[in-house]
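Undergrad: quick one: sequence and predicted model below, then my questions.
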There are 4 protein chains.
Amino acid sequence: MAATARLRITCPDRPGIVSAVTTFLYTHGANIIDLDQHSTDPEGGTFFLRLEFYTPYMDVSRSALEAAFGEVVGNRFAMDWRLSYSDEPKRTAILVSRHDHCLMELLWRYTRQELPCELTMVLGNHEEPREAVERFGVPYHCVPVGDGGMAEAEARMTELLGPDVDLLILARYMRVVSAEFLAPYDTRVINIHHSFLPAFVGADPYRQAHEKGVKLIGATAHYVTAELDAGPIIEQDTARVTHRHSVADLKAMGSELERTVLARAVTWHLQDRVIVFGNKTVVFR
Amino acid sequence: MAATARLRITCPDRPGIVSAVTTFLYTHGANIIDLDQHSTDPEGGTFFLRLEFYTPYMDVSRSALEAAFGEVVGNRFAMDWRLSYSDEPKRTAILVSRHDHCLMELLWRYTRQELPCELTMVLGNHEEPREAVERFGVPYHCVPVGDGGMAEAEARMTELLGPDVDLLILARYMRVVSAEFLAPYDTRVINIHHSFLPAFVGADPYRQAHEKGVKLIGATAHYVTAELDAGPIIEQDTARVTHRHSVADLKAMGSELERTVLARAVTWHLQDRVIVFGNKTVVFR
Amino acid sequence: MAATARLRITCPDRPGIVSAVTTFLYTHGANIIDLDQHSTDPEGGTFFLRLEFYTPYMDVSRSALEAAFGEVVGNRFAMDWRLSYSDEPKRTAILVSRHDHCLMELLWRYTRQELPCELTMVLGNHEEPREAVERFGVPYHCVPVGDGGMAEAEARMTELLGPDVDLLILARYMRVVSAEFLAPYDTRVINIHHSFLPAFVGADPYRQAHEKGVKLIGATAHYVTAELDAGPIIEQDTARVTHRHSVADLKAMGSELERTVLARAVTWHLQDRVIVFGNKTVVFR
Amino acid sequence: MAATARLRITCPDRPGIVSAVTTFLYTHGANIIDLDQHSTDPEGGTFFLRLEFYTPYMDVSRSALEAAFGEVVGNRFAMDWRLSYSDEPKRTAILVSRHDHCLMELLWRYTRQELPCELTMVLGNHEEPREAVERFGVPYHCVPVGDGGMAEAEARMTELLGPDVDLLILARYMRVVSAEFLAPYDTRVINIHHSFLPAFVGADPYRQAHEKGVKLIGATAHYVTAELDAGPIIEQDTARVTHRHSVADLKAMGSELERTVLARAVTWHLQDRVIVFGNKTVVFR
């Protein structure tokens, strides 16, 4: 399979954008294989575009293409744009606590080459997941939260992660991480929340759901922001429950939802299908 | 089709309940055709039972059966129990405002004999629905909210409804009704809320959902209690949405969810499948 | 809301198509508001494009635009292309028998302006639906299948329909129509089949489903071709059933699936979102 | 958690069954915690009952209870009945070929104690799965199909399985096994078929689905009978697909359906929730 490039654009909507972008690419031998667009308003809205194209027949280098695109097209339309390449997989790390069902699902899909990334490490605050992670050939580092508190643990994790992180996944990491820790990763931290947000924010959502007597439970994958459980939602799903289900049943059923929803959100992020806009996402899939 | 009786029981769980109930019915010629039960705990919980049986071969009258059951079985197990009969359809009224999609769905199903009730009237605060309702042969009364305010309107509706109401359906009635108005109907008022409660309580939930950027919208049918949007949930469902959907789209998609979810909840109530327990429901279906 | 045009294209895939199309439209003042594309293969496949654009600022008439597009773009890429306009609603007729749930759903949505078409008439082989149809202000013609057989009935329907039919909907029309009758309408006849095709082709699919003991039932909306129940599928959906459901229950549950699935398929057709390709469809939604 | 017993009954429907069964159990100190029933007809049908009860307070041994039940109740109502105990987990074996996603899901759930059985071995016709299976502490035997053909392989598997097999799972075992091989296991062999049966029987169902252009794909777990792909269905599910999905995409999406659907069917079987009746199943869940 030949390498592809993904171009994501956000800019004020006005006539001529698609024509300008596609003509630029065509004249440089970039063969478009997928194109999706969205505008928040028929007139005067914000415009979003995702383009995927083959790179083999391009008449210029990647850096030359990027420089030319910025000058010729990007500046003209005041675009916020980004190019990514399928043969430069994102460096990805996972944070986990004791519940390992989401972690296992990700490792499993990674092994099957369904997650197009380079999984650099798994960080946990317990020793339990080590054996399972190392079996998959992925390094595991245990950073317990000790007397030094969360600040010390975060410092250690920052050090282990290093400067080169494209995606950080909170796969049921049960500690609240600080805004300082998150800052370097911007909108590149994905969390799985075990409820249909914005219902049941906070602790123990399955217990809340059970007490409320809802007839559906849910899970939500979202980008992490400073405000807890309130970042841009990438994907959600629900499953039907009845009065027969105990809190334990909800947890078991919910864990299936969680691993599916998180895996989908991570995959779409890695395929550059998600554009964050304010506190919402555009997901081109 | 022969008439059936539905027996609903709530009582403290202890050994021997099913044996006592079914043996009592068997000895009186009541042939059980459906039985469902639930206990909140393996030991020491609350026990719920729903039984449906044929009445034709019973050796006693309904009133005699009820008296005997109360004495012989009900008192022994400290049961809260109720008997209803399929040939005594519930007297049902609908309240509506301008959005008539839920109303139309109910009228439609009523005409097809899918709603086992006697639809006595539709009450609205606008004239618009009159023609459509009267076409179905159902009386329509318009009770606008005028200078006398909601209190006056409620007094007029109470008068129109009369003393004999088994079920009141708020089919997108857009006014908040008072606890005083609701009091006589206890847990026999069903409302459809246009969100996946407890998310997006209050006004304009589709706008809230759009602003939050959720990937699923929902609808919730629940019994009405004094606290707005917080009564026992009977049924919920969700539908998938994307960034492409405007608030108007969410309303259109949501209206399909609303009519389906409300129709299901109303049908189950009319079939005596719902038992309210605290702020939750047991739905035997 | 301003009028929009929808351009649908099928052609051999090769570089430069999107650039050529969008540049042509841009230079004529046609503001693109939606664009979706698909290729059956990364290289050497068939290419499909759907474009929606505003017409108010166009610098030429519709006929001039069409002529120029054909010459400048269409011929160059060997395109099969078609332009439709939102202010030229499709002339649509419905065929029905005794089961009127699909018919009623369509009439209802039509009244709410959710079906962007001009509903010219309903044709049936029974008198029952007349009153309900005429209430909606739509003409009803009863064409019973008498001694002259189906051939005579088809001749009469062809006469009533006239030459100007953009879409014919078989909304549970229970007679098999001949290839001769269908011929003038090509891929503009939509049927609703009450099963998850290709399972349970032929008569009485709910009985077949019940006998097979499937755990899901379905409905399928498809274009009608000479081979019964085998035309290109536009939309399908399923609902969960259990051993408790009788054939009658399956029919009742299925009728909800049928009306939803048919309404979706018809809406997408009317919005020019469907492209037929061989025996399959591309649905841009 | 105390041990429970599950009683499953099939018999001609007539008055007094539930009363007789529950009174028998009550008088022997067997505390019912779950009861579900179904009758194929209001009168004169076949009756199915599943009862779960606690055994600790029983006044007789299991064998004494069984003997007494058969004499006092079973014979009286001409019952086909069976008692199973949660503390006598079913001896289960898995057959697999190269596609290991279903196998892995089952092993994973087994490790989490979500599959209440004793997993005795995995049999495969390739060496690939060995390492993964042995990591879970489960024996793996490779029985390739060699010059001796399937007959020889089946003989070897029969020998390895031994006489004591309660459940055999075909988790994408890609060879057709003979009626002779299956005979000893009766309705205790579960297969996962990668389509929504009865659609797309036979080889390569995802390719068939792609060629047909269906809008939903499915998976079916069923008991294996002599007729290929036609045994009693236990569980099915579907997922939405579009024209964008290649055959490879359908396989990837389908593999998620397959593992979920198979895991559900196996769990219900292990919990004695399934009763086979003719070519259909009653699933009490």
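TA: Ah, there it is.
Undergrad: who in chain A is up against chain D?
TA: A:104, A:108, A:114, A:135, A:252, A:256, A:260 (Cβ under 8 Å from any Cβ of the partner chain). In short, each C-beta sits where N, CA and C put it, glycine included.
Undergrad: among those residues, name the ones in helices.
TA: In this view, those that belong to helices under DSSP state H are A:104, A:108, A:135, A:252, A:256, A:260.
Undergrad: and the residues you listed as CSV, adding neighbour count, pLDDT and distance to C:T46?
TA: Converted to CSV, these look like this (neighbours: other Cβ atoms under 10 Å in any protein chain shown; pLDDT from 0 to 100; distance: Cβ to Cβ, whole Å):
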residue, neighbour count, pLDDT, distance to C:T46
A:M104, 21, 94, 41
A:W108, 18, 91, 35
A:R135, 14, 88, 45
A:A252, 16, 91, 46
A:E256, 16, 92, 38
A:T260, 19, 94, 33
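Undergrad: and those residues as CSV, adding distance to D:I192?
TA: Output for those, formatted as CSV (distance: Cβ to Cβ, whole Å):
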residue, distance to D:I192
A:M104, 21
A:W108, 18
A:R135, 26
A:A252, 21
A:E256, 17
A:T260, 18
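Undergrad: stretch A:232-247 and chain B in contact?
TA: Yes - Stretch A:232-247 lies within reach of chain B by Cβ under 8 Å from any Cβ, at A:232-238, A:242-244.
Undergrad: and that stretch, end to end?
TA: End-to-end distance for stretch A:232-247: 28 Å, by Cα to Cα, to the nearest Å.
Undergrad: stretch A:186-194 too?
TA: Span of stretch A:186-194 from end to end, Cα to Cα: 22 Å.
Undergrad: may I see the buried residues of the helix or strand harbouring A:A64?
TA: Assigned by DSSP states H and E, A:A64 belongs to helix A:62-69. Using 16 or more other Cβ atoms under 10 Å in any protein chain shown as the test for burial, helix A:62-69 gives A:65-66, A:69.
Undergrad: which ones, among the residues you listed, also lie beside chain C?
TA: Counting by Cβ under 8 Å from any Cβ, no member of the buried residues of helix A:62-69 is near chain C.
Undergrad: I'd like those residues as a markdown table, with pLDDT appended.
TA: Listed next are the buried residues of helix A:62-69 as a markdown table, based on pLDDT from 0 to 100:
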| residue | pLDDT |
| --- | --- |
| A:L65 | 94 |
| A:E66 | 96 |
| A:F69 | 97 |
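Undergrad: near chain B, which residues of chain A?
TA: Contacts of chain A with chain B, taken as Cβ under 8 Å from any Cβ, map to A:38, A:196-200, A:212-216, A:218, A:232-238, A:242-244, A:279-283.
Undergrad: one more time with 7 Å
TA: Proximity of chain A to chain B is confined to A:38, A:196, A:198-199, A:212-216, A:232-233, A:235-236, A:238, A:242-244, A:279-283 under the rule Cβ under 7 Å from any Cβ of the partner chain.
Undergrad: and these, which are buried?
TA: With burial judged by 16+ other Cβ under 10 Å, the buried subset of those is A:38, A:196, A:198-199, A:212-216, A:232-233, A:235-236, A:238, A:243, A:279-283.
Undergrad: out of those residues, which are inside strands?
TA: Per DSSP state E, strands hold the following members of those: A:38, A:216, A:233, A:235-236, A:238, A:280-283.
Undergrad: nearest residue to the residue of the stretch 1-150 of chain A found nearest chain B other than its sequence neighbours?
TA: Relative to chain B, the nearest point of the stretch 1-150 of chain A is A:H38 (5.9 Å; Cβ to the nearest Cβ). Leaving aside its sequence neighbours, A:H38 sits nearest to A:F48 (Cβ to Cβ, 6 or more residues apart in numbering or on different chains; 4.6 Å).
Undergrad: return whichever helix or strand the one you found is part of as PDB; C-alpha atoms alone will do.
TA: Following DSSP H and E, one finds A:F48 within strand A:46-54. What follows is strand A:46-54, C-alpha atoms only, in PDB (Å, rounded to 0.1, in the frame of the first residue of the first chain):
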ATOM      1  CA  THR A  46     -16.600  28.000   9.400                       C
ATOM      2  CA  PHE A  47     -15.300  25.600   6.700                       C
ATOM      3  CA  PHE A  48     -13.700  22.200   7.400                       C
ATOM      4  CA  LEU A  49     -12.000  20.000   4.900                       C
ATOM      5  CA  ARG A  50     -10.200  16.600   5.100                       C
ATOM      6  CA  LEU A  51      -8.400  15.400   2.000                       C
ATOM      7  CA  GLU A  52      -6.400  12.200   1.600                       C
ATOM      8  CA  PHE A  53      -4.100  11.800  -1.400                       C
ATOM      9  CA  TYR A  54      -1.400   9.500  -2.700                       C
END
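Undergrad: for A:H210, give its distance to C:K280.
TA: 45 Å (Cβ to Cβ, to the nearest Å).
Undergrad: for A:T267, what are phi and psi?
TA: When quoted as degrees, to the nearest 10, the phi and psi of A:T267 stand at phi -60, psi -50.
Undergrad: would you check that it makes contact with A:L115?
TA: Yes - with contact defined as Cβ atoms under 7 Å, A:T267 reaches A:L115; the gap is 6.3 Å.
Undergrad: list the contacts of the residue of the stretch 151-285 of chain A at minimum distance from chain D.
TA: In the stretch 151-285 of chain A, the residue found nearest to chain D is A:A252; the distance is 6.8 Å by Cβ to the nearest Cβ. Contacts for A:A252 (Cβ atoms under 7 Å, 6 or more residues apart in numbering or on different chains) come out as D:E114.
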